[in-house]
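> Got a predicted structure plus its sequence, pasted below:
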Amino acid sequence: MNALNLPAALIERLHDAYGERVGEVLRGYETARPVTFRVNPCKTTRQEVADRLNERHISFSQPEWYEDAFVLCGGGEDCLIGTPPYERGEIYLQSLSSMLPPIVLSPRAGETILDMTAAPGGKTTQMAALSGGKALITACERDAIRYERLCFNLRRQGAERVSALHTDALTLNDGLKFDKILLDAPCTGSGTIAPGSRVRFSDAYLSKCAALQKKLIAKALRLLKPGGMLVYSTCSVLPEENDDAAAYAVSLGARALPVQLPVGIPLLPSRQRTVCVCPDELYEGFYIAAFIK
């Protein structure tokens, strides 16, 4: 079963990780997921957005676990791009799975928060919204083009208390300390494969990603205040980038916190207290772990 012509090395890794359940992952890859987005409560309300969709005869549903999330029932991104709510930053196109890490982090007003690899800014602006625009967020992005995209989205979403830095988070001064850190780490993207996507995968690429992830985890723990919270996430379903990274964080002295997702979100086996979302018709593959220093 390999309708997407996936690299043999990836298929082998999936078999090693999930055995008989590998078919679930492959079927998830082969499913075209609907367009999803979230409302920006700093600029509008859920009801106003729902009214605008109804006026345009756009059908939608909303997952019970997040009131600001919308799922289009048919229609592509062109139904939203260019519309006033989109242009005014009242909505943000984002996968359901990628909305989960900021919810786990649970930003609060007045907290100092670091987003270590922030572009294009979906999770950054979501954290700002979850805090009512009152968390003090520092968002790092090392790539110049992606940094400009991050700044554009911060302006459009009205995330006024976010400080964007064009820098590699690994170079931050260890004297800086944060209450909470989101590390949505660069990864192979093995959870986001879908029909039409370009799959880049090799054992060498996986090893490179895993090495960088551990460097970022070690840096995050140095930047975290004692008692502070780190949320680590990837859009991967491979243990080398997920459970192995969580084990590394624990080896550095972090204490794992239990991550619990709402009933109904499909899960794959993962290390105790972590979650790995299985790709399906609604969700991309995603991994989330949380720690306290």
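Structure's in. What do you need?

> what about the residue nearest to A256 when sequence neighbours are not counted, which SS state?
The shortest distance from A256 to any non-neighbouring residue, by CB to CB, 6 or more residues apart in numbering, is to R273 (4.5 Å). Glycine gets a C-beta too; all of them are placed from N, C-alpha and C. The three-state label given to R273 by DSSP: H, G, I helix; E, B strand; the rest coil is coil.

> In the stretch 151-293 of the chain, where is pLDDT below threshold?
Counting by pLDDT under 70, the stretch 151-293 of the chain shows no low-confidence range.

> Strands along that one, start to end?
Under the criterion DSSP state E, counting those that start in this stretch, strands of the stretch 151-293 of the chain are mapped to 162-165, 178-184, 224-234, 255-257, 267-268, 275-277, 286-292.

> chain center to the shortest one: distance?
Average the C-alpha atoms of strand 267-268, do the same for its chain, and the two points are 16 Å apart (CA atoms, centre = their mean, to the nearest Å).

> Sheet-wise, list the partners of that strand with their directions.
strand 275-277 (antiparallel) (DSSP bridges).

> With the second one instead?
When pairing is defined by DSSP bridges, strand 178-184 lines up against strand 112-115 (parallel), strand 224-234 (parallel).

> Minimum distance to E20: which of the ones you listed has it?
strand 224-234 (23.6 Å; CB to CB).

> Please put the alpha-carbon coordinates of that closest one into CSV.
Output in CSV follows, covering the C-alpha atoms of strand 224-234 (Å, rounded to 0.1, in the frame of the first residue of the first chain):
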residue,chain,number,x,y,z
LEU,A,224,13.2,28.4,30.8
LYS,A,225,12.6,29.7,34.3
PRO,A,226,12.6,27.2,37.1
GLY,A,227,9.1,25.8,37.3
GLY,A,228,8.5,27.0,33.7
MET,A,229,6.7,25.0,31.0
LEU,A,230,8.1,23.7,27.7
VAL,A,231,5.8,22.4,25.0
TYR,A,232,7.6,20.4,22.3
SER,A,233,5.8,19.6,19.1
THR,A,234,6.5,18.3,15.5
